[in-house]
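Q: Build me a model:
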Amino acid sequence: MQADPANWPGATPTAPDTARFVPPILDGVCPGPHATQCTCLDPPAPPTPCGPNNRYGPALRTGSDSYMPVMFWAMNSYNEFVGNQAVGVHGFGSCFWLLGSGVSGPSAMHHSFDGYANYNLAGAYQAPLLRFRGNGCTTATYALTASAEVSPAALGEAQNTGFTPVANPYTADTHGSLKPAADLGDNYLRPAVVGNFQPIHPNRRNFTNCAAGASDPATGLEPNTESCVTTIVDRFTTSFNWAERNYGSIWLRPWFYLLLNSAVTDQLFGGVTFVSAGSWIQVPPGYFSLVKNSLFVGTTQHGGGPWAKRSGPVFLVTAKDNLARYAPCAAGGNITCNIDVEGTGFWTGGFQPKRLINIYDGPHFADGNLFLNVGAWECDPQPCMDKSTCEMELPCGIYGSTTQPAPGDPSQGIDPHKMVVLDAAIGWKQPNGFYYPPAFTYRGAHFFKTLPTGLPNPDPANPLNQCYSSARASPAT
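A: Numbers count the residues shown, from 1 in each chain. Okay, the predicted model is just below:
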């Protein structure tokens with residue numbers, strides 16, 4: 001159901017309480033099947049292990065599914081995901097989610113399984129992904145993530161988006177306060193989820209980690225390669241995603257991944273991201289993270305309908321808007337521009353360039369990929385500046401609420417009506433090298449500068465595939 005206040009029973013609220021209108025089942029997830037295995041929040045002290053007299057419920061949220069819904073929630077990945085299409089995920093959720101899950105709920109409390117069905121241990125290791133082929137995603141914040149705690153999953157982070165999670169009657173009382181751990185009982189019917197998806201093969205030495213720390217970085221990790229498994233994502237497509245700036249719409253962390261024969265298009269911010277560990281000595285020997293034989297398109301429908309713009313969703317300024325405080329970007333929190341009727345928001349603030357492959361650390365590899373319809377472009381981020389009235393569509397879209405370079409000679413001053421939106425095939429997560437040593441190898445990458453047949457030519461003054469030798473220089477083709 002759309003987050004339209006008219007859909008609420010009783011009084012109409014001034015703002016949506018949540019991105020969708022169902023109570024969440026995932027509030028209060030924890031690493032184990034018992035309430036005492038959770039971490040509890042007991043202000044003002046930091047989160048501590050839950051005891052029977054703890055006054056507050058579990059602290060870990062993993063993103064209440066009232067504002068981070070997921071269409072394919074993979075508690076046990078030793079299954080076949082083939083030929084599925086996920087479309088229109090509300091809030092800040094994902095089409096597909098590979099989880100750092102453990103056997104929990106009724107599976108742990110009321111049944112006894114063998115093999116991979118009784119294998120996962122949250123926060124430690126999981127069964128391998130059996131098959132993921134021919135799946136697709138469109139119109140969602142995230143497409144495929146392998147980490148539990150992606151933004152805005154952290155406790156309290158949702159309040160910064162302008163949405164408030166619906167209280168879960170299992171973990172909260174009638175006043176909305178978290179129940180004490182003792183009230184939840186030992187039969188804790190919550191999914192056990194924490195940390196990254198970390199698939200491990202059963203092995204003769206019983207290694208449960210693919211990259212455990214070692215005192216000798218030269219040889220200490222070698223035995224772990226017996227347990228490493230490559231997660232294969234084959235023929236996956238995703239379009240129209242808007243991942244938070246510290247993440248990517250395809251977020252593969254950590255260990256061994258192969259993304260092949262896939263297509264990634266129309267990313268507002270970061271696209272494919274491999275995250276290894278942080279340095280060369282933290283990755284296992286033979287580390288493997290590769291995107292191969294895939295298609296990356298910056299803008300598929302340039303000149304098409306209004307819902308497929310390279311600047312993102314349409315943000316309209318009407319005669320009723322306060323021009324000093326634009327409503328969709330000011331209501332509720334301060335990190336998203338919200339479209340309430342659609343039940344979602346788009347990230348604002350900070351340096352957030354468009355990039356189809358998003359570099360976090362390394363090493364990662366790419367081979368035989370095709371990139372097209374990318375390139376920086378210029379727009380007016382403040383078209384209503386110094387106007388008493390203004391009714392129009394914002395030409396920079398969501399990027400008018402982010403930090404982007406200003407063109408021109410800085411000695412001549414900055415023109416407030418000119419901004420360059422960086423639109424890259426490959427780009428860093430942040431404007432500097434972060435504190436990890438980025439490392440990557442690319443082979444056989446191809447860049448096309450010709451629009452597909454049937455699409456109208458872009459504005460000659462602001463074409464696609466426009467390159468800026470410097471943010472302060474004039475564009476060059």
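
Q: Quick one: the helices in the chain, in order.
A: Ranges of helices in the chain, per DSSP state H, are 105-109, 181-184, 327-330.

Q: In the longest one, which residues are buried?
A: In terms of neighbour count (16 or more other Cβ atoms under 10 Å), helix 105-109 has its buried residues at 105, 107-108. No exception for glycine: its C-beta is placed from N, CA and C like everyone else's.

Q: Rounded mean pLDDT for stretch 396-403, please.
A: With pLDDT averaged residue by residue, stretch 396-403 scores 86.

Q: Same check on stretch 340-353?
A: Averaged across stretch 340-353, the pLDDT comes to 81.

Q: ok, now which ones touch the nearest residue to Ala424 once chain neighbours are set aside?
A: Using Cβ to Cβ, 6 or more residues apart in numbering and skipping residues adjacent in sequence, the residue nearest Ala424 is Arg355, 4.5 Å away. Neighbour list for Arg355: 267, 269-271, 422, 424-428 [criterion: Cβ atoms under 8 Å, 6 or more residues apart in numbering].

Q: Need those in TSV (columns: distance to Gly408 and neighbour count).
A: TSV is the format used below for those (distance: Cβ to Cβ, whole Å; neighbours: other Cβ atoms under 10 Å):
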residue	distance to Gly408	neighbour count
Gln267	27	28
Phe269	25	27
Gly270	27	29
Gly271	29	28
Leu422	16	21
Ala424	21	17
Ala425	25	21
Ile426	26	19
Gly427	22	20
Trp428	24	17
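
Q: Give me the subset of the residues you listed lying in strands.
A: 267, 270-271, 424-428 (DSSP state E).

Q: any chance of these in a markdown table, with distance to Asn118 too?
A: Below are the ones in strands among the contacts of Arg355 laid out as a markdown table (distance: Cβ to Cβ, whole Å):
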| residue | distance to Asn118 |
| --- | --- |
| Gln267 | 38 |
| Gly270 | 36 |
| Gly271 | 36 |
| Ala424 | 45 |
| Ala425 | 44 |
| Ile426 | 42 |
| Gly427 | 43 |
| Trp428 | 42 |
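
Q: picking up where we left off before, and the contacts of Arg355 as JSON lines, adding pLDDT?
A: JSON lines is the format used below for these (pLDDT from 0 to 100):
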{"residue": "Gln267", "pLDDT": "95"}
{"residue": "Phe269", "pLDDT": "92"}
{"residue": "Gly270", "pLDDT": "93"}
{"residue": "Gly271", "pLDDT": "95"}
{"residue": "Leu422", "pLDDT": "86"}
{"residue": "Ala424", "pLDDT": "89"}
{"residue": "Ala425", "pLDDT": "91"}
{"residue": "Ile426", "pLDDT": "89"}
{"residue": "Gly427", "pLDDT": "86"}
{"residue": "Trp428", "pLDDT": "79"}
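
Q: Run a quick neighbour tally on Val233.
A: 24 (other Cβ atoms under 10 Å).

Q: partners of it in the sheet?
A: Leu259 (DSSP bridges).

Q: Who are the contact partners of it?
A: With Cβ under 8 Å, 6+ apart, Val233 has these contacts: 132, 144, 250, 252, 257-260, 262.

Q: Enumerate every residue touching Asn76.
A: 101, 116-117, 119-120, 126-127.

Q: Among the residues you listed, which one lies nearest to Glu157?
A: When those are compared for distance to Glu157 (Cβ to Cβ), Ser101 wins out at 21.0 Å.

Q: before we move on, the earlier item: out of the ones in strands among the contacts of Arg355, which two sit at the greatest distance?
A: For these, the farthest-apart pair by Cβ to Cβ is Gln267 and Trp428; their separation is 14.7 Å.

Q: so where's the stretch 1-150 of the chain shaky on pLDDT?
A: For the stretch 1-150 of the chain, applying pLDDT under 70 flags the ranges 1-66.

Q: Going by residue numbers, what spans are strands in it?
A: 39-40, 48-49, 70-74, 80-82, 85-87, 94-98, 101-102, 131-133, 136-140, 142-145 (DSSP state E, counting those that start in this stretch).

Q: Save those strands as a markdown table, and put in mean neighbour count and distance to Gln382 too.
A: Shown next, in a markdown table, are those (neighbours: other Cβ atoms under 10 Å; distance: least, Cβ to Cβ, whole Å):
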| stretch | mean neighbour count | distance to Gln382 |
| --- | --- | --- |
| strand 39-40 | 20 | 45 |
| strand 48-49 | 12 | 48 |
| strand 70-74 | 19 | 37 |
| strand 80-82 | 14 | 45 |
| strand 85-87 | 15 | 34 |
| strand 94-98 | 28 | 33 |
| strand 101-102 | 28 | 46 |
| strand 131-133 | 18 | 44 |
| strand 136-140 | 23 | 28 |
| strand 142-145 | 29 | 30 |
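
Q: can you put these in CSV and add distance to Ala192?
A: CSV is the format used below for the strands of the stretch 1-150 of the chain (distance: least, Cβ to Cβ, whole Å):
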stretch, distance to Ala192
strand 39-40, 12
strand 48-49, 15
strand 70-74, 13
strand 80-82, 21
strand 85-87, 24
strand 94-98, 15
strand 101-102, 4
strand 131-133, 22
strand 136-140, 25
strand 142-145, 18
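
Q: between those strands, which one is nearest to Thr161?
A: With Cβ to Cβ, the closest approach to Thr161 among those belongs to strand 142-145: 14.2 Å.

Q: which secondary structure elements does the closest one contact?
A: Here strand 142-145 touches strand 94-98, strand 237-241, strand 250-252, going by 3 or more Cβ pairs under 8 Å, 6 or more residues apart in numbering; DSSP states H and E.

Q: So what are the sheet partners of it and their directions?
A: strand 94-98 (parallel), strand 250-252 (parallel).

Q: any chance of these in TSV, plus distance to Asn322?
A: Compiled in TSV, the strands paired with strand 142-145 are given as follows (distance: least, Cβ to Cβ, whole Å):
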stretch	distance to Asn322
strand 94-98	34
strand 250-252	36
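
Q: What's the local residue count around Thr141?
A: Neighbours of Thr141 (other Cβ under 10 Å): 28.

Q: Excluding chain neighbours, what is closest to it?
A: Closest to Thr141 by Cβ to Cβ, 6+ apart is Phe92, at 4.6 Å.

Q: residues contacting the closest residue in space to Ser77 that isn't next to it in sequence?
A: If the residues on either side of it in the chain are set aside, Ser77 comes closest to Leu129, at 4.3 Å by Cβ to Cβ, 6+ apart. Contacts for Leu129 (Cβ under 8 Å, 6+ apart) come out as 74, 77-78, 81, 98, 199, 231-232.

Q: now with 10 Å?
A: With contact set as Cβ atoms under 10 Å, 6 or more residues apart in numbering, Leu129 has these partners: 74, 76-81, 98, 146, 197, 199, 229-233, 257.

Q: can you give me phi and psi for it?
A: Per-residue torsions, Leu129: phi -80, psi 120 (degrees, to the nearest 10).

Q: Next one: it relative to Pro410, how far apart?
A: 50 Å (Cβ to Cβ, to the nearest Å).

Q: follow-up on the earlier one: out of the strands of the stretch 1-150 of the chain, nearest to Val317?
A: Ranking the strands of the stretch 1-150 of the chain by their distance to Val317 (criterion: Cβ to Cβ) puts strand 136-140 first, at 23.7 Å.

Q: and the direction of that closest one versus that of strand 94-98, what angle?
A: Going by axes from the mean of the first three to the mean of the last three Cα atoms, to 10 degrees, strand 136-140 is angled at 120 degrees with respect to strand 94-98.
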